[in-house]
Every structure is written in C-alpha cells, then in structure tokens.
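[1] Got a predicted structure here, sequence first:
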Amino acid sequence: MKHLHKMKHYYLLISFLSLFSIAGMSQNMVSYAYDNAGNRISRKIVALNSNPSHIKNDSVAPAPVVDLLGERKITVYPNPTQGMLGVEITGGDDKDQLQISLYNADGKQLQNRQVESGTNPVNMNAYPSGWYILRVQAGEKRMEFKIIKQ
C-alpha cells in the first residue's frame with residue numbers, strides 16, 4: 001500500500017513536470033539556416049515574447065521597394081497599398097521612353113501609359129483587393145513588381 005501511494009506521487013510529479021516543460025517549449029521557436037545545396041548548417045532556438053509588442057503595428061508605413069533597371073533606380077511605394085501607388089524613376093538616359101503598365105492577376109492590362117522621370121502616381125482605388133503586376137519599361141529594358149492592394 002505504501003509502495004502504491006509512493007508511485008501515485010511519482011506519476012503526479014512526472015505529469016506536472018511534463019506539462020510545465022510543454023508550456024515552456026511553446027514560448028520558443030527553432031530557426032534553421034541552410035546552405036545553397038539545401039544542407040542545414042545551423043539551428044538556433046529563438047525565445048518568443050508572450051507580450052505582443054513584437055508584432056508589427058499597422059500604423060507603420062511599409063518600406064518602399066527599390067530596384068535597378070539598367071542605370072535607372074525604380075522606387076515603388078507603399079506596397080501593400082490602400083489605393084494610391086507611387087513609382088519614382090531616377091537616373092538613366094533621357095532618350096529612353098518610359099512606360100508603366102498595370103496588370104491584374106489574370107494578366108489583363110488595366111493601365112498603360114508613358115511617364116517621365118520623377119514620381120508618377122498610379123491610382124488603384126477602382127480595383128478590388130488582391131495582387132497585381134506593375135511593369136516599368138525603359139526602352140528595351142523592363143522590370144515587374146508584385147503589388148498588393150488591400
């Protein structure tokens with residue numbers, strides 16, 4: 001009888017420790033790094049904060065997307081957008097014709113116009129939420145950006 005009572009406490013202690021360790025594990029995340037061949041090269045345990053302050057605040061504006069098209073610098077902002085999109089084109093040769101085209105997810109062209117260097121607004125207010133492709137073309141060179149409309 002004494003042995004049975006001792007075993008009962010033992011199982012209770014093991015159960016409690018198991019629950020405590022599971023709760024502790026839920027506060028961590030494992031992050032892995034891989035080389036170009038797909039081999040895992042490192043493992044890192046990241047402690048997550050139970051305070052939601054680490055979640056991004058929606059009031060912070062998203063960073064603009066900046067890329068190079070030949071000698072030109074293309075800046076697209078904000079992405080995701082609520083409706084108005086800015087496309088800033090700087091640098092490059094002035095003899096190249098600049099063009100902006102906007103396509104929906106089905107590939108249908110929604111806008112197509114010639115633009116100049118500087119900031120060019122793209123009005124997306126009339127379109128539903130979803131993703132779109134913005135094509136910027138300078139002469140024979142072109143680049144596409146995926147745009148999210150909220």
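    Nice, I can see it. Numbering: from 1, shown residues only.

[2] Let me know how buried residue 78 is, in neighbour terms.
    Residue 78 is flanked by 17 other residues according to other CB atoms under 10 Å. Quick note: C-beta positions are derived from backbone N, CA and C, even for glycine.

[3] Which parts of this structure belong to which domain?
    2-54, 65-149 (automatic domain parsing).

[4] Worst mean pLDDT among the ones you listed?
    Among these, domain 2-54 has the lowest mean pLDDT, at a mean of 60.

[5] And residue 144, how close does it get to residue 102?
    For residue 144, the distance to residue 102 equals 11 Å [CB to CB, to the nearest Å].

[6] Residue 66 now?
    19 Å.

[7] okay, those two: which has more neighbours?
    With neighbours defined as other CB under 10 Å, residue 66 and residue 102 compare such that residue 102 has more, 22 against 11.

[8] Look up how far residue 118 lies from that one.
    Taken as CB to CB, the span from residue 102 to residue 118 is 18 Å.

[9] quick one, strands of the chain?
    Secondary structure of the chain by DSSP state E: the strands cover 28-34, 40-47, 65-69, 72-77, 84-91, 98-103, 109-115, 118-123, 130-138, 141-149.

[10] Identify the residues contacting the last one?
    In this case it means strand 141-149. Strand 141-149 is contacted from outside by 65, 67, 69-70, 74, 76, 79-83, 85, 102, 124, 127-137, using CB atoms under 8 Å, 6 or more residues apart in numbering.
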